[in-house]
Structure formats: structure tokens, C-alpha cells
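> please work out how this folds:
(2 chains)
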Amino acid sequence: MIELRDVERVYRRPGGDTVRALDGVSLRIERGELLAVVGSSGSGKTTLMNVLGLLDRPDRGRYLLDGQDVAGLRVDEQARLRNARIGFVFQAFHLLPRTSALENVELPLLYSDRADTDGRGRRALEAVGLGDRVHHKPSELSGGQQQRVAIARALVNEPDLLLADEPTGNLDAGSAGEVLSLFAALNRDGRTIVIVTHDAAVAAHCRRVARLEDGRIVADEPTARGAESGR
Amino acid sequence: MTLARHLRLALRAMRRYRLRSAFVMLGTFLGVAALAVVLSVGAAAERRILETVRQIFGASSMVVYAGGGMFRGGPRGPSARLTLDDLAALAQDVPGIEAWDPMQALPSEVRHGDRTVSARVLGHSERYERVWGRAAVQGEHFDAAAVAGSARVALIGRTVARALFGQEDPLGAEVLVGPVACRVVGVLEPFGTDAHGIDRDNEVVVPISTAMRRLMNVDTIRAAKLLVAEGTRVEDAAGAATRLLRERHALGAGQPDDFTVVTAVEVRKRVDGVRRVLFVFLPLVAGITLLAGGVLAASLMLASVNERVAEIGLRGALGARPQDIRGQFLAETAVTTLAGGLGGLAAAAVISRLAAGRMGLDGGLSLTAVVLGLALAAGIGLLAGILPARRAARLPPADALR
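The predicted model follows:
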């Protein structure tokens, strides 16, 4: 489904020196995978996430999405792809304040071409177990509930790829567990999920782990759980 | 994204950021209100001035005042000696004079029984009604014999009639004008307030001879109005009158006029001066308020963009294209300022009605004010929105989300 070939991303610091956030990364992700990208902070994992999510362009290398080279697409075409095919979940939730859960979830529909938008937001909230919190504002929800609203938002357009950046970073252990089992359930339904994290416990929930160090992939192997279910 | 979606988003954002929206609205609210009030009251004032000019000058006429430099400000010219003979000569020698009527005036107490009122007492000839176009609604004007004989008769205005007689019929009653007892022969047609704010119904009209001899003991008049026949240009008649009066007053080449000839043309010029204030300078001041409102709106929206960087990044990640973001902020600014403008117009409608009522004008919002106010509010909203909208659209989503 996804293939990165020799991707490089170089940032220029204000001082003039450059940082190689991604230094020749090649990665294949098959449809239906549940992949964790782990690494310490500064290893380039957020940059990788941004490149995968078409939020950032690689300086070199190719990004094939279902065989189509998408790294060089126009800004508008990338926006369309993000809207239709990619769902994002962030560490800080990024819900609009003073806005109901339902309106937050329906946000991607604003930018979508699809006609059948009625009821989608409500169904997405029900899918994450928040059918009774539709009109609550983010400030009236717990952290775990807020993250589930964000997941419902990521799902509302039924994308086939879900990208999560430290999705449990701001949650207590209980809520984190709920969110991770939600991801597992979504993955069982066939969605491709990539979770970026520095937390080994989170990575253990996934079926494959790619380890980044200084912008390079230094390890890429199935987890115990992945090996088990693969058999 | 469709316009309807943009508008819905804009309304949501206004609700979400109530205080900021209120301040963005405030600028256009004040500016549009000021502009609309100034334009509306100005239009009402202009209508009133032109109406008074029409009442005084009619189609074609001129007024000769004793004393030079009238209407020009500063001290009056050399002392006035305008006489009935001067006017008789003008009527005879200036081509195209159809009729004329002299005027003398003094303030005086007017008494009936134990009631007293301070009124303006005017002396006029029997041609008063024809030349000034003011009829008697009760009784009738005095005739030439009354003027020749300095008769003790008077016409009174509505205000005087009410003050002295209440509901009684004043006709045939006796009033004391100063020391002179006069019989009331008529009640003047109501006039209302003139452009100077003077109640023209608080007047008493007596024969010019009665005013000059019995009341004032003078042999000069204050002014006279001359009707110019059709086919004669008023400016030509005014020029001829000026030459003749200078000759009769034996004024040398270097001496200024000791009288003033005013024509409707000249008054129009003065009205144009007033117009400039009413329709250029005051609206300019209001426009500056509006501009300040626009700058305020722009800076508040810029601050809002900076404050909502995360939201902008998020929308980008969810599939908003740069033009969607641009449209969102543009619509938000425009809708907010337009709402302020509408509020301003509503406030202006109330204020201009009140203000016009106080000044004795018939007020209400003028159409120009409504159209211009809305156009400016929308225009300023769009202009103020451009910069913030462009900045928002240019934020790369990855940076904005950090």
C-alpha cells in the first residue's frame, strides 16, 4: 500500500547548520498492517509521520501510495488525499475548543466532496463508544474521551490509513489501554494503522515495530504478538 | 467549499470567539453609525435649507438689505440708509422688476388684556402676500389705504394668536403692539421654523408706515424683496440695482456698498458651502472612524490567526486546501464587520430620527447612508480580512500543528 524509497528530509536551523531528520528511509507498509514506529525524541519519527501524512514533502526519494507517486503532487491534490484516505490522531487531541464533539467529528466532512454526509458524525462517535456524548464540549470530556472524539474524527471519512502520533502520550494508563484496544479493533476491521511512539508498551500492542535512530531505520521486525498472529 | 459553508463556519466562529467578534464589530458599528447619522441628518438639513430658500426667494427674486457686507461676516459696512424712495426708484428704473415689498422690523412686546408675548414685529406693504407668498388663513391682509394712512391694524402669526387668545377668535380684537393699539385683521399662514431656527409664526405684521412712524420713528427700511419678471435674469437685475443704488447713495469708486443685494443664486452658493461641510468634511471624519475600525478588525483578525495556528494546522491535516483556509478567515472578517455595519445602521436610524426631531427636521435614514454604509462595511471587512487570511493560508500544516 505504502512504499517509501530512500526518503530524505533536511531541515535548516536558524544558525545555518542542517539537520537530517530523515536520512534515506525506505519502508513498505502493507494494507491491514498495525505498525509502530519507535525512537527517542529527535530520531525523526514525527517527520516520518508528517511525510506519510502528506503534511511535509521529502527533499529526496519517492513516496508511493498504491503505486502513485504522491510526494510531488500539488498542494490541493495532497489536501484531497489527506481528506479522503488518511485519518490523523495527535498526542494533544487538537479538538476545537467550545465546539461540540459532533461538530469536531464532522470537521473533515466540510472539506470532503462526498454527498452522503448525514449521520456520519454520529455513527463515528457511536463507533468509538461516545454515542451519548454527542453534544458535549471538549472541556466537558475526560482526556480519554477527548482522544476517542479525535479518533472518531479521523474515521468519519472512512480513510484506509490511520496515522497516530503518540496517541496515548497525554493519557493515564486506563484511558491509554482503551485507546489502544480501539486501535486494535479498527485494525481487525482491515484498517492500516501506523502509530508513532517512544513508549515500548504501546509498541508491544502492535504487530510490527520499526525503530528510528538519527533519521535511519535501524530495526524493523514483527513483535511477539505479530509473530504469533502471523502464524 | 461553498459560500453557504463558509458563512456557516463564520457564524460558528463568531459564536466561539464572542469577545473578539464584538470588538471587530465595534469598529464598523461606530464608523457606519457615525457615517449614516451624518449623511441622514445632513440630507434633512439640506432639504430644510433649500425649502427655506425656496420660501424666501420663490422662482426668481432678490432681496436688498440695508448695510454692506451682509452675509460676509465681520463688521457691517457703512451705516445704512435704505429708503422707500430708493426702492421706488429701483422698481422704476431697473428693467424687469415686477413687484416689490419693503420690510422693517423690531422686537416688541405684544399685549392683549393681561397676556403678553415677545414677538417680532414686521412692517410690510399691502403687497406682502403677493411678494412673500404668505397668505392670511383668517381675515385678510391690510390694503393700500391702510399703508397710506399708517393704519393701526395688524396680522398675527399662529404662535402669537395662541399666546394671546388661546382658543378665542382674535379677529377684530385689539392688541397693544408696544404702545400702539392695533386691531387684528388677520392670522398669518403658518410657516414653522426657518433655517436659523427662528419661529416664523411668532410674528406680527403691521403696515410699513405704521412701523416706521408710530413704532420706530425712522425713515429708513431694513430690507426689501423684489420680484423679477420672467425673461429677465436675476443676476442682471441685481447688477442694475447695485449700480443704481450706488449712484443714489453717491458712493465713490473706492467706497464699499452700504447695502447688500442677495439673490437665490448667491444663497445657493452659500448653501453649497454648507453642503461641503455636511457631505464632505463630516463624512470624511466618519470615514476615518470607519477606517480605524477596519484597521482594528485587521489587527484583531491577525492576532486571531496567530492564536489559532493549531486550528489552522488541524484543518489542513483534515483536508482543507489553502483556499479553504483563506476563504474561512475572509468570510469570518467580512461577516463580522458586516454584522457590525448592520448594527450601526440600526443605531443610526434611531439616532438620526432623534437628532432630526430635536433640530426640527424631518429625519430618518437616507438611502445613500444605507447603501454607502453597507458597502463600506463589507468592503472594509474584505480588506481587513485579506492579510490575516493570506497569512493563515500560508502556514504549512506540519509547522502549524507543532
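
> near B:Ala44, how many other residues are there?
Residues near B:Ala44, counting by other Cβ atoms under 10 Å in any protein chain shown, number 22. (C-beta placed from N, C-alpha, C; glycine too.)

> distance check, it against B:Pro283.
According to Cβ to Cβ, to the nearest Å, B:Ala44 stands 15 Å off from B:Pro283.

> same thing with A:Ala71?
From A:Ala71 to B:Pro283 the distance is 56 Å (Cβ to Cβ).

> how about B:Arg152?
Distance, B:Arg152 to B:Pro283, by Cβ to Cβ: 54 Å.

> of those two, which one has the most company?
B:Pro283 (21 against 17).

> tell me what the helix or strand containing B:Glu98 is packed against?
Assigned by DSSP states H and E, B:Glu98 belongs to strand B:97-112. If contacts are counted by 3 or more Cβ pairs under 8 Å, 6 or more residues apart in numbering or on different chains; DSSP states H and E, strand B:97-112 sits against helix B:84-93, strand B:115-124, helix B:128-132, helix B:158-165, strand B:174-177, helix B:208-209, strand B:223-228.

> relative to helix B:158-165, how tilted is that strand?
Counting by axes from the mean of the first three to the mean of the last three Cα atoms, to 10 degrees, strand B:97-112 lies at 30 degrees to helix B:158-165.

> name the residues of strand B:97-112 that are buried.
By 16 or more other Cβ atoms under 10 Å in any protein chain shown, the buried positions in strand B:97-112 come out as B:97-98, B:100-105, B:108, B:110-112.

> which residues are in contact with the most centrally placed residue in chain A?
By Cα atoms, centre = their mean, the mean C-alpha position of chain A lies nearest to A:Leu163, the distance being 1.1 Å. Contacts here follow Cβ atoms under 8 Å, 6 or more residues apart in numbering or on different chains; on that basis A:Leu163 touches A:49, A:52-53, A:86-89, A:193-194, A:196.

> run the last query once more with 7 Å
A:49, A:52-53, A:86, A:88, A:194 (Cβ atoms under 7 Å, 6 or more residues apart in numbering or on different chains).

> helix, strand or coil: sort out B:Pro170 for me.
For B:Pro170, the assignment made with DSSP: H, G, I helix; E, B strand; the rest coil gives coil.

> list, one by one, the residues from chain A near chain B.
With Cβ under 7 Å from any Cβ of the partner chain as the criterion, chain A meets chain B at residues A:50, A:53, A:55-56, A:75-76, A:79-80, A:82-83, A:88, A:90, A:94, A:96, A:98-99, A:107-108, A:110-112.

> circling back: dump the buried residues of strand B:97-112 into TSV; add pLDDT as well.
Below are the buried residues of strand B:97-112 laid out as TSV (pLDDT from 0 to 100):
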residue	pLDDT
B:Ile97	92
B:Glu98	90
B:Trp100	94
B:Asp101	95
B:Pro102	96
B:Met103	95
B:Gln104	94
B:Ala105	93
B:Ser108	94
B:Val110	95
B:Arg111	94
B:His112	94
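
> how about the helices in chain A?
For chain A, helices defined by DSSP state H occupy the ranges A:45-52, A:75-85, A:101-110, A:120-127, A:143-155, A:173-188, A:200-204, A:224-230.

> a markdown table please, covering these and showing distance to B:Pro207, mean pLDDT and mean neighbour count.
Below are the helices of chain A laid out as a markdown table (distance: least, Cβ to Cβ, whole Å; pLDDT from 0 to 100; neighbours: other Cβ atoms under 10 Å in any protein chain shown):
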| stretch | distance to B:Pro207 | mean pLDDT | mean neighbour count |
| --- | --- | --- | --- |
| helix A:45-52 | 100 | 92 | 24 |
| helix A:75-85 | 90 | 94 | 19 |
| helix A:101-110 | 85 | 94 | 23 |
| helix A:120-127 | 91 | 94 | 20 |
| helix A:143-155 | 94 | 95 | 25 |
| helix A:173-188 | 104 | 93 | 16 |
| helix A:200-204 | 111 | 90 | 15 |
| helix A:224-230 | 121 | 70 | 12 |
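
> compare those helices and report which one is nearest to B:Val274.
For B:Val274, the closest of the helices of chain A is helix A:101-110, at 54.1 Å, according to Cβ to Cβ.

> tell me where the stretch 51-200 of chain B is predicted with low confidence.
Applying pLDDT under 70 to the stretch 51-200 of chain B flags residues B:57-59, B:69-80.

> what residue in it comes nearest to chain A?
Nearest residue of the stretch 51-200 of chain B to chain A (Cβ to the nearest Cβ) works out as B:Gly197 at 54.1 Å.

> residues near that residue, how many?
By other Cβ under 10 Å, 8 other residues sit near B:Gly197.

> phi and psi next, for it.
The phi/psi pair for B:Gly197 (degrees, to the nearest 10) reads phi 80, psi 10.

> does the closest residue to it other than its chain neighbours sit in a helix, a strand or a coil?
Counting by Cβ to Cβ, 6 or more residues apart in numbering or on different chains, B:Gly197 lies nearest to B:Gly360, which is 7.2 Å off, once chain neighbours are set aside. When classified by three-state DSSP, B:Gly360 comes out as coil.

> who's in contact with A:Gln145?
By Cβ under 7 Å, 6+ apart, the contact list for A:Gln145 reads A:130, A:133.

> what's the distance between it and B:Gly293?
Using Cβ to Cβ, we find A:Gln145 at a distance of 42 Å from B:Gly293.

> quick revisit: rebuild the buried residues of strand B:97-112 as CSV, extending it with distance to A:Gly174.
Listed next are those as CSV, based on distance: Cβ to Cβ, whole Å:
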residue, distance to A:Gly174
B:Ile97, 106
B:Glu98, 105
B:Trp100, 105
B:Asp101, 102
B:Pro102, 105
B:Met103, 100
B:Gln104, 103
B:Ala105, 97
B:Ser108, 99
B:Val110, 97
B:Arg111, 100
B:His112, 99
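
> quick one: which of those is nearest A:Leu35?
Checking the buried residues of strand B:97-112 against A:Leu35 with Cβ to Cβ, the nearest one is B:Ala105 at 102.8 Å.

> sweet, I'm off.
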